[in-house]
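Peer 1: Need a 3D model of the sequence below.
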Amino acid sequence: MTVFEGLLPRPVRVTSAGGTVPAARAPVFAADPSLPPEGFRLTIAAEGVRIEAADAAGEFYASQALRQLRGPAAFRAVDHVTGRLPRGVVEDWPRFGWRGCLLDVARHFMPKYALLRFLDLMAAHRLNVLHLHLTDDQGWRFEVPEFPRLTTVGAWRAGSWVGRRPDGTPDHDGRPHGGYYPVDDLREIVAYAAERHITVVPEIDVPGHSQAAIAAYPWLGVTGRPMEVLTRWGVNDNVLAMTDEVVDFYRRVLTHVTEIFPSEVICVGGDEVPATQWATDPASAERAEELGLSGVDELHGWFLTQLITHLESLGRRGYVWDEAIGPTLPERTVVGAWHLGVDTGRHDVVLCPEEHLYLDHRQSDHPDEPIPVGYLRTLADVYAYEPLPTALGAQAQVWTEHLDSPRRVDYAAFPRLAAFAEVVWSPAERTYEEFERRLVTHHLPRLDALGVEYRPPAGPHPWQTRPGVPGRPR
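Peer 2: Purely as a prediction, here's the structure:
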C-alpha cells in the first residue's frame, strides 16, 4: 500500500519518498519532450511541487492527478483544501489516444449546463473524446440557420415511449420533449471541452435514424409524406431519399458542422438502415440502376461515400458505425465497431462493443434496477474489458432512450465510466479487487464531492428505483 494508491486512472509508475509537503503549494511547470504524448511526471518534494509534461494535455492531466492527491475536497466548487501532500514521484501516460464517451442528446436533450458538467466529469477521468450524438428519429439538436425547420420542428416531439417491451407501451406519455443548441452554445461547448483537452466529435446520423429531419422537411424522405418526430424507440423504416437534392442538403449541413466543430473526425452514422422503403420505391430502384449499383441495398454505402468525400474535401475524416463498412467506403474513414468481431479491414477503428461498453444497459438483475435494458453489465464486467491494442482506442456509450435527466445519466454512467477510464488509460495488468478497493476508499468520495448521483455499489438507492409505471420517474 502506498500513499498514491488513490490515483484513478491508475498511474504507470509511482515512487514514494516518504514525508509530506503543504497541499496549498503551487506547482512549477516544465516541458519534457522525452515523455510520451499526454504524459507527465509529477514530483512532490521538500522544495516544492514540479510538473513536467510532454505537451499541454500532459500538463493538464498532471494537474488532475495533483487534484486527486489533494483529496475529495479539491473536487468541490469552492476549494479550501489545506493539509499536506505525500512526497514522491508519479510518472504517467495514457495507453490509448482515443479515450471516448458517446453521449446521446437526441433521444433526451441534455441542457447546456448539464453538458458542460459532463465535460468536467470526463476531464476528471482523463477521457479526451466526447462523441456527441446530435440527431436521430426522436430529435434534431443543433441549429442550422440555413434550414430553420430542423430546430423549429425537428427538435420537438409530442412525448416519449413509456418503458420498454414487454412492460412498456408504444403509446407515448403525452409529455412534450425537446430542445437544441444554438450556434453560440455549440461554440461555447467546443471551447469549454478544448480547455479540458477534450475533442467534441459531432454525429449527424444518416441515412437511417433521420425521421426528425424528415418531419422538418418531408421531401428528404422516400415517401415525401408529412410525419411527426418519432415518439418511440427502436429501428425505424423511414430513411432518406437517395436524390441529388438530399445529398446537397446534407453536404450543406456538414459544411456548417465543420465551421463549428474543429474535430478532424465527423461522424455520419450509417447504422441500422433498413432498405424496406427503397425496395418498394420505384424511384429508389431507378436511382440504384442509374448509379450502376447491383441493387437498392447499395444505396446506403453510396450515400455515405458522397458525404464522407465531401468531408475529406474540407480537410476532415468521416466516422461511421460498422454496418457501413463496404468496398466504396473511403480508406481514411474511422469505424466505430459496436459489434464484437467485426472486421474493419483497412480502416482505423474505435472499439465501442455493445456487449461491454453500453452504459445504458442494466447493472444487475434485481427487480429494483430501473428499466432493465440490454445486456447485464456490472462494474466488474466493464473493468474486465480488454481493448485490442491495434485500435485507435475505445469508447463507452451512454444512449438515453431511458435516461431522461442528468440524474439518470449519472446513475447509468457512474461508477462504470470510472472503470472504463482506467481501462483505456492504464496498463493491461490490473485486478478488479485492487480497483474496487481504491474506488470505494478514494474515488467515490470524489464523486460525492462533485455531486454525482452514481449507482451505489450495493445497488440503487430507493429514490433511484422506478416503482409503478415502468420507465417513468415517480
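Peer 1: Could you list the low-pLDDT ranges of this protein?
Peer 2: Low-confidence segments of the chain (pLDDT under 70): 1-3, 164-170, 343-344, 466-474.
Peer 1: Any idea how far apart the tips of stretch 369-384 sit?
Peer 2: Stretch 369-384 has its terminal residues 22 Å apart, counting by Cα to Cα, to the nearest Å.
Peer 1: Contacts for it next, please.
Peer 2: 163-164, 354-365, 396, 401-402, 408, 411, 415-416, 419-420, 422-423, 430, 432, 435-436, 457, 459-460, 464-466, 470-471 (Cβ atoms under 8 Å, 6 or more residues apart in numbering). All C-beta spots, glycine's among them, are computed from the backbone N, C-alpha and C.
Peer 1: backbone phi and psi for the residue lying closest to A46 once chain neighbours are set aside, please?
Peer 2: Spatially, and ignoring its direct neighbours in sequence, A46 is nearest to V21 (6.4 Å; Cβ to Cβ, 6 or more residues apart in numbering). Reported as degrees, to the nearest 10, the phi and psi values for V21 are phi -130, psi 160.
Peer 1: same deal with E146?
Peer 2: Main-chain dihedrals, E146, degrees, to the nearest 10: phi -70, psi -30.
Peer 1: what about the helices in the stretch 351-474 of the chain?
Peer 2: Per DSSP state H, counting those that start in this stretch, the stretch 351-474 of the chain carries helices over the ranges 354-357, 379-384, 406-413, 416-425, 432-438, 444-450.
Peer 1: Send me the first one as PDB with only the CA atoms.
Peer 2: Listed in PDB are the C-alpha atoms of helix 354-357, where the atom choice follows Å, rounded to 0.1, in the frame of the first residue of the first chain:
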ATOM      1  CA  GLU A 354     -22.400  -3.200 -27.200                       C
ATOM      2  CA  GLU A 355     -21.600  -6.300 -25.100                       C
ATOM      3  CA  HIS A 356     -19.200  -4.400 -22.900                       C
ATOM      4  CA  LEU A 357     -19.500  -0.700 -23.200                       C
END
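Peer 1: Which strands and helices lie in contact with it?
Peer 2: helix 379-384, strand 393-398 (3 or more Cβ pairs under 8 Å, 6 or more residues apart in numbering; DSSP states H and E).
Peer 1: and if you look at the third one?
Peer 2: Based on contacts counted as 3+ Cβ pairs under 8 Å, 6+ apart, the elements that helix 406-413 packs against are helix 112-124, strand 393-398.
Peer 1: Strands of the stretch 151-300 of the chain, start to end?
Peer 2: Ranges of strands in the stretch 151-300 of the chain, per DSSP state E, counting those that start in this stretch, are 156-157, 161-162, 169-172, 177-178, 199-206, 265-269.
Peer 1: one step back: and the helices of the stretch 351-474 of the chain: which comes nearest E91?
Peer 2: Closest to E91 of the helices of the stretch 351-474 of the chain, according to Cβ to Cβ: helix 416-425, at 13.5 Å.
Peer 1: Mind giving me the packing neighbours of that closest one?
Peer 2: Using 3+ Cβ pairs under 8 Å, 6+ apart, the elements in contact with helix 416-425 are strand 98-104, helix 379-384, strand 393-398.
Peer 1: returning to what we had before: dump the helices and strands packed on helix 406-413 into TSV; add distance to E228 as well.
Peer 2: Formatted as TSV, the entries for the helices and strands packed on helix 406-413 read as follows, by distance: least, Cβ to Cβ, whole Å:
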stretch	distance to E228
helix 112-124	26
strand 393-398	26
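Peer 1: do you know which of these lies nearest G326?
Peer 2: Distance to G326, taken as Cβ to Cβ, is lowest for strand 393-398 among the helices and strands packed on helix 406-413, at 21.9 Å.
Peer 1: Count the residues that sit near A412.
Peer 2: A412 has 24 neighbours, counted by other Cβ atoms under 10 Å.
Peer 1: Surely it is in contact with D360?
Peer 2: Yes - counting by Cβ atoms under 8 Å, A412 sits close enough to D360 to count as a contact (5.4 Å).
Peer 1: got the domain boundaries for this protein?
Peer 2: The chain breaks down by automatic domain parsing into domains covering 13-92, 98-464.
Peer 1: ok, and the closest non-adjacent residue to the residue nearest the centre of the chain?
Peer 2: Against the mean C-alpha coordinate of the chain, by Cα atoms, centre = their mean, the closest residue is L102 at 1.4 Å. Excluding the flanking residues, the one nearest L102 by Cβ to Cβ, 6+ apart is H131, at 4.0 Å.
Peer 1: moving C-terminal of the helix or strand encompassing the one you found, what's the next helix or strand?
Peer 2: Taking DSSP states H and E as the criterion, H131 maps to strand 129-133. Going down the chain from strand 129-133, the next helix or strand is strand 135-136, by DSSP H and E.
Peer 1: ok now the helix or strand following that following strand, how far from the chain's centre?
Peer 2: Downstream of strand 135-136, the first helix or strand assigned by DSSP H and E is strand 139-140. Offset of strand 139-140 from its chain centre (Cα atoms, centre = their mean, to the nearest Å): 17 Å.
Peer 1: Also stretch 32-40?
Peer 2: Worked out by Cα atoms, centre = their mean, stretch 32-40 lies 26 Å from the chain centre.
Peer 1: How far does it stretch from one end to the other?
Peer 2: This stretch, stretch 32-40, spans 8 Å end to end (Cα to Cα).
Peer 1: So that it lines up with my notes, have the first residue be 31 from now on.
Peer 2: Right, with 31 as the first residue, what we last looked at is stretch 62-70.
Peer 1: Name the residues of that stretch that are buried.
Peer 2: 65, 68-70 (16 or more other Cβ atoms under 10 Å).
Peer 1: Tell me the buried residues within the contacts of stretch 399-414.
Peer 2: 193-194, 384, 386-393, 426, 431-432, 438, 441, 445-446, 449-450, 452-453, 462, 465-466, 490, 494, 496, 500-501.
Peer 1: other SSEs contacting the strand holding H161?
Peer 2: Strand 159-163 sits against strand 128-134, helix 142-154, strand 229-236, strand 423-428, with contacts defined as 3+ Cβ pairs under 8 Å, 6+ apart.
Peer 1: which secondary structure elements does the second one contact?
Peer 2: In this case it means helix 142-154. Helix 142-154 sits against helix 86-99, strand 128-134, strand 159-163, helix 213-225, helix 436-443, helix 474-480, with contacts defined as 3+ Cβ pairs under 8 Å, 6+ apart.
Peer 1: Now the helices and strands packed on strand 159-163 in TSV, please, with extra columns for distance to E275.
Peer 2: Formatted as TSV, the helices and strands packed on strand 159-163 follow (distance: least, Cβ to Cβ, whole Å):
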stretch	distance to E275
strand 128-134	29
helix 142-154	33
strand 229-236	14
strand 423-428	33
